[in-house]
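*Asks:* model this:
(2 chains)
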Amino acid sequence: MHVDDLTLPALVGGRVAVALATDLYQQLKYNHQLASPLTSYLNLQEGVFLFKNGVDPYFGGVFRHSPLFLALFTTLIPTSRTICSLLWTLSDAVGAWALVQIWRARQRAPQTSRDGLVAAAYLLNPYLFLPTFALSTCTFENTLTLLSVMFAAQGSVSPALLSAALLLQLSLSSILLTAPLILLLANSTGPVSQLASPHAFASNGRKVLPLVAEYVAYVAILSLASTLVSGSWAWIPQTWGANITLPDLTPNVGVWWYFFTEMFDHFRPFFLMVFSVHLLIYVAPVCIKFQYDPLYAAFVLQGVLGTFKAYPTMADIGLFLSMFAVFPELFTYLRHPIVTIFLHLHAALLMPLFHHLWLSQGTANANFFYATTLVFACANGAALTDCVWAGMRIAIGQPQDGYSVVQE
Amino acid sequence: MCCRRLAFWACLPLAVLGLSETFHEQLHIRSLPDGKVASRFSFSTILAGAHPPSPHNRSLDDDPQHYTLFPLGLGQILREYAVTEMHLTLNAGKWSYDRWGYPEEDGVGTGAELWAWMADGADATVDQRWLGLRNALAGLFCASLGSLDELRTTSPGFVFAPGALPDWPFPHAIRHASLPSEHVCTENLTPFLKLLPCKSSSGLASLLNPHRLFEADWHGMGLHVSWLPEEGVQVRLTFQTVSDPLRPSNKRDWSFGSLFDRTIQRSCPVASSSEIAVALPFRVPYTISPEPSLVDSGLAIFDVSQMEKPLDVSLHWPQGFQYSTSALAEAPLSIRRTLKGYTQDNGELSVLIKNDQDRSVDVAYLETMPWIVQFYLHTLILQIDGVTRPELLRNITYTPPVPHSRATMFQVIVQIPPRSTLKLSMDITKAFLRYTEHPPDAQRGWDLPPAVFVPLDSEPQRRIYAPTLLVDLATPDFSMPYNVIIFTCSLIAFIFGSIFNYLTRRFVVLQVPS
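*Replies:* Below you'll find the predicted structure:
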């Protein structure tokens, strides 16, 4: 057996050992950077408790998880902490495995020497394993994202669309990823890197429509199932609606919460609309520009989600950063990776500190934490813009001496 | 048609016949075990034979209302909003059940509390009429009752059970709200006195001297409207104080002069009865003057209309006052409620209920919370001496909050074993508010309404109010909404602009001049 075959099991084993040996959950359960109100395990437990006691958890309150979680945790999975720690870690393991599969599909190779590195990029990313320790359900969102991309990269239509529909149940904003996924499925060149040779979308456009229809059917079925589980349509405003109306202003790593805390009441609906539309506005340009490599478009849109979605956690941007491992061809063309890394370091270190100083210590105020979320958004923006630049810049190749590549 | 007829009959006695109205006033004074003196004024006007206004009578709005003793301003409000039963209390201070026992009037929760039973089924919904009632009473009493809005309104029908409700074909609904930061003061007493037939010029009401009432250790006023099927509609105005005679004189002797700085100069001529009841000390020497009209089961009763004026009742203890170290009062339960945790985003609500009796007690426990404090019911733990006892809890009723609008209502029945202390605790999260939702003094924190406990096995069932809490919420920076909007929008515009710049411009290879 090749030594790289052992990397993933070894990493997973290590993660399981850490999950079982430590009880980081107690320290992390209220951490606003790792779990948003939409993904917090405390809120999930509350919803399960209410559901079991005959109170409709969607009749107000803090529970904003999908009814599918409710069904899962009230029937199949007991809410014991150890089992949950294992489950969350295993979800990360599946995610890492899916990322390795995506990498292999992109290389069109059954096995490569970088498999272990790709798995490590996912399993050892602190932005990803800390939310897992906090039992934030964004772990499952990431796994489903990777699974749907993986199935799409492998050309399995129904599993890809089904996992995308499941992902939509958990997180409304993941609808951004639907377009590149469908393009990836319809694309004749598959997931193989086309960044160096841009060309028009190589497929029959008529393939797209049945894919969209199938996706819509899955979404409809799952929504219906959710309605049956929860007993009414009330889950829609409570879960999906929260992404648009932002009822809970709990601080997180994103840009929405403080903006809408400080927003004038009469402008609130307008800016909520602007922020929601702003997310959607990236889909078409990114998909058109990277029509020859939809996997890359999905990667860029994941970066957009991590930076700009309504209730982001560290895990959203962590997935974007881990996906860099799948695109090593970028690295030579990135313009300011050092700046990006330092911005990330700055934000990642100061964010917990200022959060503590503001809410626990009482010696700082909200602006401190807000400032670090701005730095974090800058870091994500820097990574995102660099990716967009590098993804297109690859096509030019390295210029001769005395020449440089610019945009006109 | 049926409704019309009903409306007609309901209004007939009010408007056409002219009802007999009676006015009773009573002052009850008792010395408390810790040397303080509790006085309770009660002024009750009964509209004999009247029925509560039906919500279907609103078409008869323009009918005249003729009253002689019944307060017209209140009568108009009751009919306009078709209120069957209503209780408003405005209190300042914390009633100490451990030292003072049960109060004469149940409603001693700190701040303002309003609850009303109204019949449903009319054009105007219960919630619309509740809104109108709040605002009308706010105007009548010069109090901020308008703030008892849907952020604080709940429907705890079990704990706030109605008296008699008319047998109408449409159901009654309760609305309840409390505002712990509201305090009673002189501007509330003046409109209160105006509702009395003799104002403060004669009778017992002449003792209501604001200078002395509002310097008492505890004081509160109440307005209670209820329907007594045998008698009619009753409006009862109450004022309770706990004064401290020990403070100026170090003796527990009191008189009207020392308590209220006034004496009764003349009786209220329209009062059907006007009596003063003084609880007499038990097994200790005392002198009471003047001689009471009647002494009955430990109470000295004075009939004000028969007494010689000016009337200044006084009670004198020859022996000095000794503080007792033993349990002072006969309150069945001792309750402590605290909010723990030092962070501004989460904490723990902890309630200690101590049962000193030799039998177990069932207690209904009600929390009504504005949405700013959200409960995690799954963390609810009941403990006795550190041992978890989940079986002591039953009948959970829970209305989850809706952010920025609906309040939480949480009600359970707990059983407290004999001679033990039950600890009930649960995790909470504190909400993050929009900057416009914070009060002007945001750093002070938010007053949370008192919890209400009702021991279920005593008759009549009485409410016990736990003290209010103060919660410290995280505040945004109030000075920089523009800055935040500008910073965030700039950042988004910068990233958006960069991406679209990259996506839309063409790449060119340029020769770099050396």
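*Asks:* Verify the stated contact: B:Arg406 with B:Pro370.
*Replies:* No: if you go by Cβ atoms under 8 Å, B:Arg406 and B:Pro370 don't touch, sitting 9.3 Å apart. (Each C-beta comes from the backbone N, C-alpha and C, glycine too.)
*Asks:* Residues that sit against both of these two, list them.
*Replies:* Common contact partners of B:Arg406 and B:Pro370 (Cβ atoms under 8 Å, 6 or more residues apart in numbering or on different chains): B:Leu151.
*Asks:* More neighbours: the two, which one.
*Replies:* B:Pro370 (24 against 20; other Cβ atoms under 10 Å in any protein chain shown).
*Asks:* so the more buried one makes contact with B:Leu448?
*Replies:* Yes: between B:Pro370 and B:Leu448 a contact is recorded at 7.4 Å, counting by Cβ under 8 Å.
*Asks:* Helix, strand, or coil at A:Val192?
*Replies:* What DSSP: H, G, I helix; E, B strand; the rest coil gives for A:Val192 is coil.
*Asks:* what's the answer for B:Val278, then?
*Replies:* At B:Val278 the chain is in strand, as set by three-state DSSP.
*Asks:* List the beta-bridge partners for it.
*Replies:* B:Ile29, B:Ala300 (DSSP bridges).
*Asks:* wait, what's in contact with it?
*Replies:* With contact set as Cβ under 8 Å, 6+ apart, B:Val278 has these partners: B:His28, B:Ile29, B:Arg30, B:Ile288, B:Pro292, B:Leu299, B:Ala300, B:Phe302, B:Val313, B:Leu315.
*Asks:* Which pLDDT value goes with it?
*Replies:* B:Val278 is assigned a predicted lDDT (pLDDT) of 95.
*Asks:* how close does it sit to chain A?
*Replies:* Distance, B:Val278 to chain A, by Cβ to the nearest Cβ, to the nearest Å: 50 Å.
*Asks:* ditto for B:Gln240
*Replies:* 36 Å.
*Asks:* Look up the closest residue to that residue, ignoring the ones flanking it.
*Replies:* B:Arg40 (4.8 Å; Cβ to Cβ, 6 or more residues apart in numbering or on different chains).
*Asks:* three-state assignment of the one you found?
*Replies:* Note that with three-state DSSP, the state of B:Arg40 is strand.
*Asks:* helix or strand right after the host helix or strand of A:Thr7?
*Replies:* Under the criterion of DSSP states H and E, A:Thr7 resides in helix A:7-21. From helix A:7-21 onward toward the C-terminus, using DSSP H and E, the following helix or strand is helix A:24-28.
*Asks:* Any part of the helix or strand that comes right after that following helix near chain B?
*Replies:* The helix or strand immediately downstream of helix A:24-28 is helix A:41-52, counting by DSSP H and E. Yes: for helix A:41-52 and chain B, the contact criterion (Cβ under 8 Å from any Cβ of the partner chain) is met by A:Leu42, A:Gln45, A:Glu46, A:Val48, A:Phe49, A:Leu50.
*Asks:* between the contacts of B:Val278, which is closest to B:Leu148?
*Replies:* Closest to B:Leu148 out of the contacts of B:Val278 is B:His28 (28.9 Å), distances taken as Cβ to Cβ.
*Asks:* List the residues that contact A:Leu117.
*Replies:* Contacts for A:Leu117 were tallied using Cβ under 8 Å, 6+ apart; they are A:Ala325.
*Asks:* Over to B:Pro229?
*Replies:* B:Pro229 makes contact with B:Ala164, according to Cβ under 8 Å, 6+ apart.
*Asks:* Pull up the gap between it and A:Thr7, please.
*Replies:* For B:Pro229, the distance to A:Thr7 equals 83 Å [Cβ to Cβ, to the nearest Å].
*Asks:* of all of chain B, which residue lies closest to chain A?
*Replies:* When scored by Cβ to the nearest Cβ, chain B has B:Pro400 as its residue closest to chain A, at 2.9 Å.
*Asks:* Was I right to think that residue contacts A:Leu50?
*Replies:* Yes: shown here, B:Pro400 and A:Leu50 form a contact pair, counting by Cβ under 8 Å, at 7.3 Å.
*Asks:* what's the overlap in contacts for these two?
*Replies:* Common neighbours of B:Pro400 and A:Leu50 (Cβ under 8 Å, 6+ apart) are A:Pro57, A:Gly61, A:Phe63.
*Asks:* Near chain B, which residues of the stretch 1-150 of chain A are found?
*Replies:* A:30, A:32, A:42, A:45-46, A:48-50, A:53, A:55, A:57, A:59-63.
*Asks:* Widest-spaced pair of these?
*Replies:* Across the residues of the stretch 1-150 of chain A next to chain B, the longest distance by Cβ to Cβ is 27.4 Å; it joins A:His32 and A:Asn53.
*Asks:* Among those two, which residue is more densely surrounded?
*Replies:* Of the pair A:His32 and A:Asn53, A:His32 is the one with more neighbours under other Cβ under 10 Å, namely 21 against 12.
*Asks:* before we move on, what SS does B:Arg394 have?
*Replies:* B:Arg394 falls in the strand class when you classify it by three-state DSSP.
*Asks:* how many other residues sit next to it?
*Replies:* By the measure other Cβ under 10 Å, the count of residues near B:Arg394 is 11.
*Asks:* which residues touch the residue nearest to it when sequence neighbours are not counted?
*Replies:* Of all residues not flanking B:Arg394 in the chain, B:Ile413 sits nearest, at 5.3 Å (Cβ to Cβ, 6+ apart). Residues counted as contacts of B:Ile413 (Cβ under 8 Å, 6+ apart) are B:Asp362, B:Val363, B:Ala364, B:Tyr365, B:Leu393, B:Arg394, B:Asn395, B:Leu456.
*Asks:* Please name the residues that touch the residue in the stretch 51-200 of chain A positioned nearest to chain B.
*Replies:* The stretch 51-200 of chain A approaches chain B most closely through A:Gly61 (2.9 Å), counting by Cβ to the nearest Cβ. Contacts for A:Gly61 were tallied using Cβ under 8 Å, 6+ apart; they are A:Glu46, A:Gly47, A:Leu50, B:Gln374, B:Pro400, B:Pro401, B:Val402.
*Asks:* which of the contacts of B:Ile413 tops the neighbour count?
*Replies:* With neighbours defined as other Cβ under 10 Å, the most crowded of the contacts of B:Ile413 is B:Tyr365; it has 23 neighbours.
*Asks:* and it, what are its phi and psi?
*Replies:* phi -120, psi 120 (degrees, to the nearest 10).
*Asks:* what's the answer for the one 5 residues further on, then?
*Replies:* When read as degrees, to the nearest 10, the backbone of B:Pro370 gives phi -60, psi 160.
*Asks:* low-confidence ranges in chain A?
*Replies:* A:1-4, A:79 (pLDDT under 70).
*Asks:* Am I right that A:Leu181 is in a helix?
*Replies:* Yes: the assignment for A:Leu181 by three-state DSSP puts it in a helix.
*Asks:* okay but it is in contact with A:Ala164, surely?
*Replies:* Yes: contact criterion Cβ under 8 Å: A:Leu181 and A:Ala164 qualify, at 5.5 Å.
*Asks:* any common contacting residues for the two?
*Replies:* Residues touching both A:Leu181 and A:Ala164 (Cβ under 8 Å, 6+ apart) are A:Ser148.
*Asks:* ok, now which ones touch residue 87?
*Replies:* Just going to use chain A. Residues in contact with A:Leu87 (Cβ under 8 Å, 6+ apart) are A:Ile77.
*Asks:* you looked at the wrong chain, it should be chain B
*Replies:* Contacts of B:His87 (Cβ under 8 Å, 6+ apart): B:Gly107, B:Glu113, B:Leu114, B:Trp115, B:Ala116, B:Phe160, B:Gly222, B:Leu223, B:His224, B:Val225.
*Asks:* can you narrow the residues you listed to ones near chain A?
*Replies:* Counting by Cβ under 8 Å from any Cβ, nothing from the contacts of B:His87 sits close to chain A.
*Asks:* Which one of those residues is nearest to A:Thr89?
*Replies:* Distance to A:Thr89 across these (Cβ to Cβ) is lowest for B:Phe160, with 49.5 Å.
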